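Colleague: Got a predicted structure here, sequence first:
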Amino acid sequence: MWAKKENMLKKTSNNRFAIWIAVRYLFSKKSHNAVNIISGISVVGITVVTMALIVVLSVFNGFEQLGRQMFSAFDPSLKISLIEGKRFTFDKEFQNKIEHLKNVESSVAVIEESAVACFYYRCWSAV
């Protein structure tokens, strides 16, 4: 049995010594040794945790794509805002120029401002 494992290890070119050490101590000759049981439990635990981590990251990646699809209707592809100050004039002529650009489907004028809402001595910030 050891000869087969050693022949298999000789075929691999990368990290042969490290794999040989790992196999030697993971599958030792005494099968009822407490170290072997602890090693087996730790290998199974690391394997399960790694698989769970891959599944969780895949699910979060799917949620991220779903969120982008859902919120793309609310968040604009292009937003025009000021560098300094709070207000600028936005007239119908400027909106018509934007709408007549080559790749623009539609445009909407929106006013956003931060505020504080208070009700019975309780205050919340509102956007």
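Modeller: Structure's in. What do you need?

Colleague: gap between the residue nearest the centre of the chain and residue 126?
Modeller: The residue lying closest to the centre of the chain (CA atoms, centre = their mean) is residue 61, at 5.2 Å. Distance check for residue 61 against residue 126: by CB to CB, to the nearest Å, it reads 33 Å. Every C-beta, even on glycine, is put in place using the N, C-alpha and C of the backbone.

Colleague: Residue 117 pairs with what?
Modeller: Beta-bridge pairing for residue 117 (DSSP bridges): residue 124.

Colleague: Let me see the contact set for it.
Modeller: By CB atoms under 8 Å, 6 or more residues apart in numbering, the contact set of residue 117 is 123, 124, 125, 126.

Colleague: and which of those is nearest to residue 70?
Modeller: Among these, residue 126 lies closest to residue 70 (CB to CB), at 22.5 Å.

Colleague: Would you map the strands across the chain?
Modeller: Using DSSP state E, the strands of the chain run over 115-119, 122-126.

Colleague: tell me which strands and helices the last one is in contact with?
Modeller: When contacts are defined as 3 or more CB pairs under 8 Å, 6 or more residues apart in numbering; DSSP states H and E, strand 122-126 packs onto strand 115-119.

Colleague: Let me know the angle separating the strand it packs on from strand 122-126.
Modeller: 150 degrees (axes from the mean of the first three to the mean of the last three CA atoms, to 10 degrees).
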